[in-house]
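[1] Got a predicted structure here, sequence first:
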Amino acid sequence: MTGDQGVWVYAIAKYVGGDVFLPAGVAKTPVRAIAAGGLTALASDVDLAEFGEEALRRNLENLTWLEEMARAHHNVVDAAVRLFPVLPTRFSTVYRSEATMVAALAERADQLRSALARVGGRMEWGVKAYAVPAGEGDPTAGKGDPTAGNGDASEPITANVAGQGPGTDAESGAGMAYLKRRRAQISARQEFSRTAAASAREVHIELSGHAAQVRLYPPQAPALSRTKAPMLLNASYLIDAGGSERFGSVVAVATAAHPDLQLDLTGPWPPYSFTGLEG
Amino acid sequence: MDPSRRCLSTELPPDFPSERVALVDLLDRLLAEGVVVTGEITLSIADVDLVTVSLRALLASVSTLEAVQSGPPESATRPSGANQQGAVT
């Protein structure tokens, strides 16, 4: 386990003199504050046998490994952001040596400094909106559609129509009635999704008005978010220091105003979603 | 599609413990975001993006797997057109 060492970077901060006390990092490595270009990199030494190019590529595809490292990385960044403003670095940024890391940061120091100033002491709050299937749950509706993703609702009927045409030579009245019923069910469901989606958009616009910056993520797959309802919004909002409570109450008001939605608030997160060097 | 689902089921339990849920939120942020300072890094960001794209595909197929497992009666009727017609008449 003592091969060549690389440097895993967690976050960049303004110059921090003296020691910082942070939880252990990835693979239980101690985290150090390394001066680089007038800034401080929070980093730890990692074994390139585990974190080198080949190994990293392989390990990133291993969910168990990924979870362990993601949580360790997050623990460090989350602890650091409570001490001073930080710019989180992209997960799995590993330099071949401390010297190359310092050189890379020094080269971009001005941009990093302005990104740090922009993010400042702000924190990120996540909001996910799910459609609440009011009065839904028709057991004959097939394929548990509340669990289906956005475009999914139209798939079963298309498949049915395709299967129906060549399969039955005489389109019986019963068959047509069934198809009509199915179409009506599906269009009702689509109408409902449209309304809920419009609600989610409204909520997003409302919340955006209270955020310094906004980042939209793709909705998570229902099984991963552990809900049956489709996710209509998966967004992050960058909130000024001291503005968290207010943002929480804005979310609470939005929840009350939109009974067709379930809103989940997560955070505060380190400003992971707002580190872009541009702007 | 089906063979890969089968492989995944051996690696991952179909029910994610609640801790995994937060992991999904965490991975949303960690894998897509974070400042990128290129230099002599071991794995280029383009490569990391490729890895995470395949990871997302993996997560997506895990969720598909779970959806299929959680609804056996419906999924059983779904693939065959004959069953659907049987239900019609």
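    Structure's in. What do you need?

[2] going forward, measure contacts and count neighbours with C-alpha atoms only.
    Noted.

[3] Find the residue ranges of chain A scoring beneath the pLDDT cut-off.
    Along chain A, the model assigns pLDDT under 70 to residues A:1-2, A:134-172, A:223-227, A:277-279.

[4] can you give me the strands for it?
    In chain A, the strands defined using DSSP state E lie at A:5-14, A:32-36, A:39-47, A:86-88, A:94-95, A:123-131, A:213-216, A:231-239, A:261-269.

[5] Report the buried residues of the last one.
    Spelled out, it's strand A:261-269. For strand A:261-269, the neighbour count (16 or more other C-alpha atoms under 10 Å in any protein chain shown) marks A:L261, A:Q262, A:L263, A:L265, A:P268, A:W269 as buried.

[6] Point out the most buried one among the strands of chain A.
    strand A:86-88 (a mean of 31; mean count of other C-alpha atoms under 10 Å in any protein chain shown).

[7] contacts for it?
    Contact with strand A:86-88 is made by A:10-14, A:77, A:80, A:115-116, A:119-121, A:270-272, A:275, B:34-35, as judged by C-alpha atoms under 8 Å, 6 or more residues apart in numbering or on different chains.

[8] re earlier: just put the buried residues of strand A:261-269 in JSON lines and tack on distance to A:N234.
    Shown next, in JSON lines, are these (distance: C-alpha to C-alpha, whole Å):
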{"residue": "A:L261", "distance to A:N234": "13"}
{"residue": "A:Q262", "distance to A:N234": "12"}
{"residue": "A:L263", "distance to A:N234": "10"}
{"residue": "A:L265", "distance to A:N234": "10"}
{"residue": "A:P268", "distance to A:N234": "15"}
{"residue": "A:W269", "distance to A:N234": "14"}
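
[9] Let me know the closest of those residues to chain B.
    Using C-alpha to the nearest C-alpha, A:W269 is the member of the buried residues of strand A:261-269 that lies nearest chain B, at 9.1 Å.

[10] Tell me who's in contact with A:A80.
    By C-alpha under 8 Å, 6+ apart, the residues touching A:A80 are A:L22, A:V86.

[11] One more pass at 6 Å, please.
    Listed by C-alpha atoms under 6 Å, 6 or more residues apart in numbering or on different chains, A:A80 has no contact partners.

[12] where's it relative to chain B, distance?
    Separation of A:A80 from chain B (C-alpha to the nearest C-alpha, to the nearest Å) stands at 15 Å.

[13] what do you get for A:L233?
    In this view, A:L233 and chain B are 13 Å apart by C-alpha to the nearest C-alpha.
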